[in-house]
Structures are given as structure tokens and as C-alpha cells.
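Asks: Sequence and predicted model, in that order:
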Amino acid sequence: MNRITEIFKNNKVLITYLTAGDPDILKTEEYILSMASNGSDLIEIGIPFSDPVSEGETIQNAMGRALSKNINLDDIFNIVFNVRKKSDIPLILMTYLNPLLFYGYGRFFKSCKEVGVNGIIICDMPFEEQEEVKCFADKCGIIVITLIAPTSNERIPILTKQAEGFVYLVSSLGVTGVRNKITTDIKTMATEIKKITNLPIAVGFGISNVSQAKEITKYVDGVIIGSAVVEIIERYKDHAAFKLAEYVSDIKKAITVGSKIL
């Protein structure tokens with residue numbers, strides 16, 4: 001069993017996201033460790049990109065701030081390397097395809113393996129084209145996470161065929177960002193996915209508070225929270241560690257106590 005799937009064995013999982021380099025490299029390392037110590041079970045590290053088509057305003061702005069400081073992939077690999085000195089929490093890079101193309105697939109996944117990256121999400125890569133990078137990822141033991149959107153009902157059997165680690169179920173149409181209400185029928189989609197695969201399911205896009213997290217984890221194995229974390233970092237900048245720890249701890253407690261998949 002790989003490290004990513006293993007975290008789902010005994011409890012509901014909290015996955016959190018932050019953008020590498022926002023507000024700076026050292027603070028990114030600090031904030032990863034703060035969340036890892038206070039309830040996050042897995043952390044997604046966003047690779048800043050100039051045209052993040054899946055992201056809402058919050059994460060777009062975070063990527064803009066990071067890019068204005070000229071952060072690059074080598075900086076991000078160094079962040080992971082330094083985090084690995086202090087934590088064994090599973091780490092996933094969340095990216096678009098262009099940075100990988102520019103860096104080179106072989107070089108990219110070799111670097112992932114060397115520093116201790118566990119998985120990758122490529123937001124704009126169609127499932128049918130995954131093999132383009134998957135051969136490099138497999139060689140280096142890096143898991144490629146599959147996303148399933150609310151409009152993917154008829155494609156669920158195809159999308160889950162090669163899924164590994166966990167299934168990333170997108171809660172809402174559109175881009176990332178905090179939402180007051182999740183309108184997708186998560187229970188029905190999760191039921192259909194579980195008919196086909198034994199992989200755990202985590203839901204992301206729009207989840208931001210305790211009540212949403214508790215409700216969603218009645219039906220799935222974990223929640224993914226990004227924009228709400230990035231908003232805390234944007235607000236508190238160099239002093240966000242305590243607020244992140246408090247926020248992550250509250251969410252983790254909420255999905256741990258009395259949670260049960262229906």
C-alpha cells in the first residue's frame with residue numbers, strides 16, 4: 001500500500017492546499033509544517049503558473065504573488081526537501097502541464113522522487129492523455145491523481161480504471177474558491193464511484209468550513225481545502241502559522257468525531 005492510500009485506513013482524511021512561494025519560500029515551509037502538526041493528513045503544494053484556468057481569484061492572486069518573486073520548480077523541490085527533514089506527511093504537487101513540459105518530464109519526476117514527493121495532480125491534462133506523463137511518474141513511484149467532475153457520471157468507469165492513491169471528486173462546476181453551499185449530489189456520485197473502485201474518495205473545490213466538511217465526510221473518505229487556507233495566508237501573511245494551525249485543527253476534529261460513511 002502506498003503512503004497516500006495508507007492515510008485513509010483508519011480515519012477521515014483532511015487534505016489542505018497552499019501555493020508554493022506565497023508569501024515566500026521559508027514561510028511556505030513553515031506553513032506546511034504547521035498544518036502537518038495540527039491535523040492535515042496530506043498537503044497539496046501548488047506550483048505557481050501564469051494561466052491557472054482551474055483556479056478562482058484567491059489562488060490566482062496567490063500564484064501571482066509567488067511568481068512576482070520569481071519562484072521556480074527548483075525552489076519548490078527545495079521546499080519539499082527541507083520539509084522532509086522534519087515531516088513524513090504525504091505531499092502532492094498540484095500543477096498545470098506547461099511547467100512540466102518546460103522542465104522536462106524525466107527530469108521533473110526524477111526530482112520528485114529525490115526530494116520525497118508522493119503524488120501529482122495535473123489540472124489541465126485530459127485523462128486520455130495521462131500516459132504521456134504516467135510512464136515517467138510510474139518509473140519514479142509518483143502517483144498521478146485522477147479528478148472526477150460533477151459532469152463525469154457516464155465517464156466514471158473510464159476515469160476510475162487507472163486511478164491510484166485516491167479519487168479526487170470535484171464538488172462543483174467552475175473554478176476553485178470558497179462556496180457558501182455545495183449543490184452537487186456528493187452522496188450519489190460517491191456511491192457510483194464506490195461500485196467500481198475500492199480507492200478512497202476525497203472531495204475538493206469550495207469546501208471551507210466545519211459544517212461543510214462534516215456533511216461531506218458522511219459520504220466520502222476525506223475533504224480537500226484550498227482557497228480557505230490561502231485566504232488565511234493572504235490575510236495574515238508572515239504571521240499565519242497560528243491561524244492555520246487553529247483552522248486545520250478545528251476541521252480535523254470535526255471530521256474525526258462521530259464520522260461515518262453512509
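Replies: Nice, I can see it.

Asks: what about the stretch 151-262 of the chain, any weak spots by pLDDT?
Replies: Residues of the stretch 151-262 of the chain meeting the criterion pLDDT under 70: 172-183, 257-262.

Asks: where do the strands sit along it?
Replies: Applying DSSP state E, counting those that start in this stretch to the stretch 151-262 of the chain gives strands spanning 167-170, 201-204, 222-225.

Asks: Let's have those in CSV, adding mean neighbour count and distance to Ala241.
Replies: In short, each C-beta sits where N, CA and C put it, glycine included. As requested, the strands of the stretch 151-262 of the chain are exported to CSV (neighbours: other C-beta atoms under 10 Å; distance: least, C-beta to C-beta, whole Å):
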stretch, mean neighbour count, distance to Ala241
strand 167-170, 24, 27
strand 201-204, 26, 23
strand 222-225, 26, 17
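
Asks: what are the bridge partners for the residue nearest the centre of the chain, then?
Replies: Nearest residue to the geometric centre of the chain (C-alpha atoms, centre = their mean): Glu44, 3.8 Å. With DSSP bridges as the criterion, Glu44 is bridged to Tyr17, Ile92.

Asks: and the gap between it and Thr151?
Replies: Shown here: Glu44 relative to Thr151, a distance of 23 Å by C-beta to C-beta, to the nearest Å.

Asks: what do you get for Ala254?
Replies: Counting by C-beta to C-beta, the gap from Ala254 to Thr151 is 29 Å.

Asks: quick one, which of those two is more surrounded?
Replies: More crowded of Ala254 and Thr151, by other C-beta atoms under 10 Å: Ala254, with 21 against 10.

Asks: Just list the residues touching that one, thanks.
Replies: Contacts for Ala254 (C-beta atoms under 8 Å, 6 or more residues apart in numbering) come out as 210, 213-214.

Asks: Among those, which ones are in helices?
Replies: Using DSSP state H, the subset of the contacts of Ala254 located in helices is 210, 213-214.

Asks: Spell out for me the ChimeraX command that would select the buried members of those residues.
Replies: To isolate the buried ones among those in ChimeraX, judged by 16 or more other C-beta atoms under 10 Å, type:
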select :213,214
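
Asks: Put together CSV for the ones in helices among the contacts of Ala254, with distance to Ile186 on each row.
Replies: Shown next, in CSV, are those (distance: C-beta to C-beta, whole Å):
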residue, distance to Ile186
Val210, 17
Ala213, 12
Lys214, 13
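
Asks: can you pull the buried residues of the longest helix along the chain?
Replies: Assignment by DSSP H gives helix 241-256 as the longest helix of the chain. For helix 241-256, burial by neighbour count (16+ other C-beta under 10 Å) applies to 241, 243-245, 247-249, 251-252, 254-255.

Asks: Looking at those, which one is closest to Ile233?
Replies: Leu244 (7.3 Å; C-beta to C-beta).

Asks: Would you confirm that that closest one contacts Ala36?
Replies: No. Using C-beta atoms under 8 Å, Leu244 is not in contact with Ala36, being 10.4 Å away.

Asks: Distance to Leu26 added to the strands of the stretch 151-262 of the chain, as TSV?
Replies: Formatted as TSV, the strands of the stretch 151-262 of the chain follow (distance: least, C-beta to C-beta, whole Å):
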stretch	distance to Leu26
strand 167-170	29
strand 201-204	27
strand 222-225	23
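
Asks: No further questions, thank you.
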